[in-house]
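Novice: What follows is a protein structure lacking sequence information:
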Ligand code: SAM
């Protein structure tokens, strides 16, 4: 279809998602700033700020990509803690590792190529698991959430930062115009790639809205599930605890 992968079989979709991120990896950070006018930095800082993460904690950042969340987490857990960046795409992990290493960040950081649907870690081994702008791309989201709960220690927390459903009615047409008209143009102009940004807009519309995602977290066995909208629901933070 015009906007991407609706009718594609799952295996092929996984491959396509991989290609999307390989093709945008180098331009990824510039595009984030352009598309969100820099606001993604504020969302990410707020996200990690509310996490309650402490020095010495062991944290997994799923779909960690180019390392934005990991840098913020690393500031808080310190050298005695550990931040593991997990991503399915080697190109994104490489960009992330180069960026962090160039900033002198080496100790307490690890990079693991993985699929969020089947995590290569034992049960109850992390204090916090985060996934920012990543769950939307995971094919079997319920499997991803189940895995996030499995690897958390009792009392550990999962936090999801993701595009969500815009709540104010008046804002929706403006948001749709930005998503379907402006984004692909920006993608074409700055990354020579309109398709990946059409996919972005489409995948946001298909992602479960706030209440539905919260219910999926409860199904995964999380306790005290909650969510909070940022910027009118352009993004939402979902939270749940392992018991
Ligand atoms: N968390 C980073 C951020 O906030 O800037 C990167 C987000 S980027 C939009 C989405 C990332 O999800 C990509 O790096 C992609 O490779 C990764 N991804 C997609 N599907 C995945 C999966 N099944 N398991 C792990 N990572 C996945």
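Specialist: Yep, it's here. Since the model is a prediction, treat every value here as computed from it, not as a measurement.
Novice: ok and the residue in this structure nearest the ligand?
Specialist: When scored by CB to the nearest ligand atom, the chain has residue 65 as its residue closest to the ligand, at 2.7 Å. Using the backbone N, CA and C atoms, a C-beta is placed for each residue, glycine as well.
Novice: Mind pulling the model confidence for that residue?
Specialist: For residue 65, the model assigns a pLDDT of 88.
Novice: Number of residues surrounding it?
Specialist: Neighbours of residue 65 under the rule other CB atoms under 10 Å: 26.
Novice: where does it sit relative to residue 119, distance-wise?
Specialist: Look at residue 65 and residue 119: by CB to CB, to the nearest Å, they are 17 Å apart.
Novice: same question, residue 168
Specialist: With distances taken as CB to CB, residue 168 is found 37 Å from residue 119.
Novice: Who has more neighbours out of the two?
Specialist: residue 119 (22 against 10).
Novice: you'd agree that one is up against residue 147?
Specialist: Yes. With contacts counted by CB atoms under 8 Å, residue 119 reaches residue 147, the gap being 4.6 Å.
Novice: what sits in contact with each of those two?
Specialist: Counting by CB atoms under 8 Å, 6 or more residues apart in numbering, residue 119 and residue 147 have no common neighbour.
Novice: quick one: least confident helix or strand in this structure?
Specialist: helix 10-24 (a mean of 62; mean pLDDT, DSSP states H and E).
Novice: list the contacts for residue 146?
Specialist: Here residue 146 is in contact with 220, 221 (CB under 8 Å, 6+ apart).
Novice: Which secondary structure element is home to it?
Specialist: Assigned by DSSP states H and E, residue 146 falls within helix 141-151.
Novice: Now that helix: buried residues?
Specialist: Neighbour-count burial for helix 141-151 flags 141, 143, 144, 145, 146, 147, 148, 149, 150, 151 (criterion: 16 or more other CB atoms under 10 Å).
Novice: So what's the gap between it and the chain middle?
Specialist: Between the centre of helix 141-151 and the centre of its chain there are 14 Å (CA atoms, centre = their mean, to the nearest Å).
Novice: Kindly report the same for stretch 48-62.
Specialist: For stretch 48-62, the distance to the chain centre is 15 Å (CA atoms, centre = their mean).
Novice: what does stretch 160-180 contact?
Specialist: 43-44, 47, 69, 130-136, 198, 200-201, 204, 207, 209-210, 213, 217, 229, 232-239.
Novice: could you flag which of those are buried?
Specialist: Buried members of the contacts of stretch 160-180, counted by 16+ other CB under 10 Å: 43-44, 47, 69, 130-136, 198, 200-201, 204, 207, 210, 213, 217, 233-239.
Novice: Just the mean pLDDT for the helix or strand containing residue 215, thanks.
Specialist: Take DSSP H and E as the rule and residue 215 turns out to sit in helix 210-219. Here helix 210-219 scores 98 as its mean pLDDT.
Novice: between it and helix 141-151, how big is the angle?
Specialist: Here the directions of helix 210-219 and helix 141-151 differ by 50 degrees (axes from the mean of the first three to the mean of the last three CA atoms, to 10 degrees).
Novice: Return the distance of helix 210-219 from the chain's centre.
Specialist: That offset, for helix 210-219, works out to 16 Å (CA atoms, centre = their mean).
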